[in-house]
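Undergrad: 3D, please:
(chains A and B)
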Amino acid sequence: MAEIETKSPSNFIKMIIDEDLKAGKNESRVATRFPPEPNGYLHIGHAKSICLNFGLAKEYEGTCNLRFDDTNPVKEDVEYVESIKEDVRWLGFDWEAREYYASDYFEQLYHLAIRLIKDGKAYVDSLSADEIREFRGTLTEPGKESPYRNRSVEENLDLFQRMRDGEFEDGRHVLRAKIDMAHPNLLLRDPTLYRIRKTAHHRTGDQWCIYPMYDYTHCISDAIECITHSICTLEFENNRALYDWVLEQLGLPCRPRQYEFARLNLNYTVLSKRKLIQLVTENRVSGWDDPRMPTISGLRRRGFTPESIRTFCERIGVAKANSIVDIALLEHTIREDLNKSAPRMMAVLRPLKVVIENYPEDKVELLEAVNNPEDPAAGTRQVPFSREIYIEQEDFMEDPPKKYFRLAPGREVRLRYAYFITCKEVIKDPANGRIVELRCTYDPATRGGDAPDGRKVKATLHWVSAAQAVGAQVRLYDRLFVKPDPDEKVEGKTFLDFINPNSLEVLNDCKLEPALAQAAPGRMFQFERLGYFFADPKECAAGRLVFNRTVTLKDSWARIAQNG
RNA sequence: UGGGGGAUCGUCUAGCGGUAGGACUACGGACUCUGACUCCGUCUGCCGAGGUUCGAAUCCUCGUCCCCCAGCCA
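TA: Have a look, this model is predicted:
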């Protein structure tokens, strides 16, 4: 794998780090962390955070920990931690031995909570969830203090111990920080620190029945790991006050700081865990790794490379303004990467038979084709040519518009690496009038693709020799939603109503040049003039070829045809 | 009507008192045995109004609009 670029554009976080370093903070260390909750699969938005956190560590010669924020057993699962590790690794990042879990800190967290209780900074509340909500007040009105707020330290200690011991049912009590029920920041109105959950945890089993909340856990985990810059997304800006409050009460040796950046939004897709889960559980897609999904596993299955995703994350930048990135940029970075590396092949997706009348019946000749014009080292290969070939249906028009310069009756075009051919006759199915075959002639003098007399031809078509062609299934993927913003508010509709009905088209009668018969699962190819295609890692096999279209080539003819 | 944040080309994003730059997109053109790639070129931008200054995207004032917060989710 190529070395990951260490130089990337500046951003406000780097400026903060530069200042910290100049001021000699944190013993000149830079320590970040990527802290996913294992309750879903990672998506392209997480890739932004991963590239940011690991990228910063690399650039400043620091460290980036992988830490699972696993404080809510009812939503989390090992399946997710495994997929997350696989995805981070696949993206090209290495957390070495620094694989941590918030659940590893449960004991420390518990003892720190006892300290808060002893300091009079936390108390056990016995209000119900509904009552707590009522007591919290509103955005404009202060809250009211719980009648349990002034329990004695001894009573709090006793109750908290019994909470841990499993004496109470879920919801019976919670541990709360004692801050200020009138605070304008609602998060500081005595936030919940611990709740009772008699649920087995995917790592700690039934060892615990009380679990710490995010705000309490995250900052302490950062401090335990001596993180210097704790980077999260904008919606946590309000939480920073609580992050700081907890750390200030505890006075731990390390004092991390939280900074927030804008999460990634992409048009024509959704990036919320809830919606992604819904797409999977309602079978709107085939799974988390459906090639239409914006998940890392989906992108991987689609044929995106780690390099292209990293480049994308670098190009979008890091800032504090909410924004929606055009998916065209993602498509650009994958084309850019694959153009350099993908071997070119010829494949006919929607075959139209062409018989070359003046070509000998059983002659088969091998023509030399360039494997990758962008990479001379990729060499050449031999492609068989014969009397009967297939071309793309859309490469022929009986009555072409002015700007169309592919094959048409009486017109001459070039078959790539082969000969010039001229269309002499169109054969139709008498039953329905559909074109079923073309009768053409070739010019033997144009072998290899050039005319000795110097005459030019407007178009070059890809083709496959019929007798040697190998069959394949090709899946044409397109954007999952028809609206740039699937969440746009429309009366009586949800994002599910905007799923693109044509986001997947399966073609079962594709004809590929014989070299593709050996295509190994997981390999990328450019099918000339069509796009980049990925031999499906799970389903492609020697006897049954299956390709996923990653992205089309840019197609200026499509634009002309559409705009008239 | 509380608090916390944010506004720069169509879209992302630089800029840190001294010529508003880059990328993507779009549109022209050159090249071409991929209507690809590449290369040239063009279009469009500082949320608004005042103020400070020789000079303001940047500093000040007042507005406007957008986002986040009332989980025992993260």
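
Undergrad: Domain boundaries for chain A, per the record?
TA: A:12-266, A:273-341+A:472-562, A:344-468 (automatic domain parsing).

Undergrad: would you list the ones you listed in a markdown table and tack on distance to RNA strand B?
TA: Where C-beta positions appear, they are placed from N, C-alpha and C, glycine not excepted. Putting these into a markdown table (distance: least, C-beta to the nearest atom of the strand, whole Å) gives the following:
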| stretch | distance to RNA strand B |
| --- | --- |
| domain A:12-266 | 3 |
| domain A:273-341+A:472-562 | 3 |
| domain A:344-468 | 2 |
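
Undergrad: I'd like the ones you listed laid out as TSV, including mean neighbour count and mean pLDDT.
TA: Converted to TSV, the domains of chain A look like this (neighbours: other C-beta atoms under 10 Å; pLDDT from 0 to 100):
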stretch	mean neighbour count	mean pLDDT
domain A:12-266	18	98
domain A:273-341+A:472-562	18	97
domain A:344-468	16	97
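
Undergrad: what distance separates stretch A:307-316 from the centre of its chain?
TA: Distance, stretch centre to chain centre, for stretch A:307-316: 11 Å (C-alpha atoms, centre = their mean, to the nearest Å).

Undergrad: What are the phi and psi values at the nearest residue to A:Ser28 once chain neighbours are set aside?
TA: Among residues not flanking A:Ser28 along the chain, A:Leu21 sits closest, at 5.9 Å (C-beta to C-beta, 6 or more residues apart in numbering). When read as degrees, to the nearest 10, the backbone of A:Leu21 gives phi -70, psi -40.

Undergrad: quick one, what contacts A:Leu21?
TA: Shown in contact with A:Leu21 (C-beta atoms under 8 Å, 6 or more residues apart in numbering): A:Ser28, A:Val30, A:Tyr60.

Undergrad: What of A:Pro484?
TA: A:Asn267, A:Tyr268, A:Ile324.

Undergrad: Can you tell me the element A:Arg47 falls in?
TA: I think there's a mix-up here, since residue A:47 is Ala and not Arg. Per DSSP states H and E, A:Ala47 falls inside helix A:44-59.

Undergrad: and that helix, what other elements does it pack with?
TA: The contact analysis (3 or more C-beta pairs under 8 Å, 6 or more residues apart in numbering; DSSP states H and E) places helix A:44-59 against helix A:12-22, strand A:31-34, strand A:63-68, strand A:229-233, helix A:296-302, helix A:306-316.

Undergrad: ok, now with 10 Å
TA: helix A:12-22, strand A:31-34, strand A:63-68, helix A:78-90, strand A:229-233, strand A:257-261, helix A:296-302, helix A:306-316 (3 or more C-beta pairs under 10 Å, 6 or more residues apart in numbering; DSSP states H and E).

Undergrad: how far out from the middle of the chain is that helix?
TA: Helix A:44-59 sits 13 Å away from the centroid of its parent chain (C-alpha atoms, centre = their mean).

Undergrad: And for stretch A:14-26?
TA: How far stretch A:14-26 lies from its chain's middle: 32 Å, per C-alpha atoms, centre = their mean.
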